[in-house]
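**Q** sequence first, then the predicted structure, then my questions.
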Amino acid sequence: MTSKPHPLRQLIEQFIKLTDAEWEMFPPHLTEKKIKKNEFMLREGQVGRELGYVIEGEMRHFYTRNGEEKTTYFYFENSLVGPYVSCINGQPSLISFEAVSDTRLLVFPYAALQSLYSQSHSWEKFGRLLAEYIALGLEDRMVGLLTLSPEERYVQLLESNKKKIIERIPQHLIANYLGITPVSLSRIRQRLLKK
């Protein structure tokens, strides 16, 4: 009887297939980390050196302008999280990564991932496909913010594969993610209920 593959391996294998030997190159770099609700994996202005895999919990990333937080993404179980851009360019992160609830992560140094890229064609391909996946997500989010009304963004959220946001994230953070006030979100929800 074969044991079920590690959930992180299953996530990676949504991008590429790894041999057992290629997978075994990665676990020595993994460390479990617990982040309490409202604590940070990384704050804006710090240089990112590690990425993580969410075992349990919820996280968000946001930037701050003129003292106001702007939530741009949420992370749940079985997703990769972290200051990818800061890790790549070595510059201070423009965004913060905060736990929305008590969260458990497996973290790994970005340098370890880079080392795997140079040791294995499969890992190198994973890096390319991960970058493409992130680019697609960023473009989708940007286009939505620039072309859709707040109500259209909320409807899109309801109809998307991101239902965990509606189910598990506090309303004020959903409003922030949509670029509106909680009062505006409440009005949108009331209008949609009447339709």
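**A** On my side now, so go ahead.

**Q** the helix or strand hosting Ile55 pairs with which strands, parallel or anti?
**A** Using DSSP states H and E, Ile55 falls within strand 50-56. Strand pairing for strand 50-56, using DSSP bridges, gives strand 80-81 (antiparallel), strand 103-109 (antiparallel).

**Q** for those strands, give me JSON lines that also has mean pLDDT.
**A** Formatted as JSON lines, the strands paired with strand 50-56 follow (pLDDT from 0 to 100):
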{"stretch": "strand 80-81", "mean pLDDT": "96"}
{"stretch": "strand 103-109", "mean pLDDT": "97"}
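
**Q** between these, which one is closest to Ile35.
**A** Nearest to Ile35 among those is strand 103-109 (4.8 Å), distances taken as C-beta to C-beta. No exception for glycine: its C-beta is placed from N, CA and C like everyone else's.

**Q** residues of the closest one that come out buried?
**A** For strand 103-109, the neighbour count (16 or more other C-beta atoms under 10 Å) marks 103-108 as buried.

**Q** same check, this time on stretch 7-20
**A** Applying 16+ other C-beta under 10 Å to stretch 7-20 flags 8-9, 12, 15-16, 18 as buried.

**Q** nearest to Phe97, of those?
**A** Leu8 (18.0 Å).

**Q** skipping adjacent residues, who's closest to the closest one in space?
**A** Excluding the flanking residues, the one nearest Leu8 by C-beta to C-beta, 6 or more residues apart in numbering is Tyr53, at 5.0 Å.

**Q** got a list of what the one you found touches?
**A** 8, 11, 30, 78-81, 105-108 (C-beta atoms under 8 Å, 6 or more residues apart in numbering).

**Q** please tell me how far it sits from Glu68.
**A** 30 Å (C-beta to C-beta, to the nearest Å).

**Q** just say helix, strand or coil for the residue nearest to Pro92 when sequence neighbours are not counted.
**A** Spatially, and ignoring its direct neighbours in sequence, Pro92 is nearest to Gly45 (4.9 Å; C-beta to C-beta, 6+ apart). For Gly45, the assignment made with DSSP: H, G, I helix; E, B strand; the rest coil gives coil.

**Q** quick one: Gly45 and Gln91 touch, right?
**A** No. Counting by C-beta atoms under 8 Å, Gly45 stays clear of Gln91, with 10.2 Å between them.

**Q** off-centre distance for the helix or strand containing Ser122?
**A** Using DSSP H and E, Ser122 sits in helix 121-147. Offset of helix 121-147 from its chain centre (C-alpha atoms, centre = their mean, to the nearest Å): 12 Å.

**Q** between strand 50-56 and that helix, find me the angle.
**A** 80 degrees (axes from the mean of the first three to the mean of the last three C-alpha atoms, to 10 degrees).

**Q** helix 121-147: what's the following helix or strand?
**A** Taking DSSP H and E, what comes next after helix 121-147 is helix 150-159.

**Q** I'd like to check the angle between that following helix and helix 121-147, please.
**A** 140 degrees.

**Q** list the buried ones in the strand holding Ile55?
**A** Those would be 50-55, for strand 50-56 by 16+ other C-beta under 10 Å.
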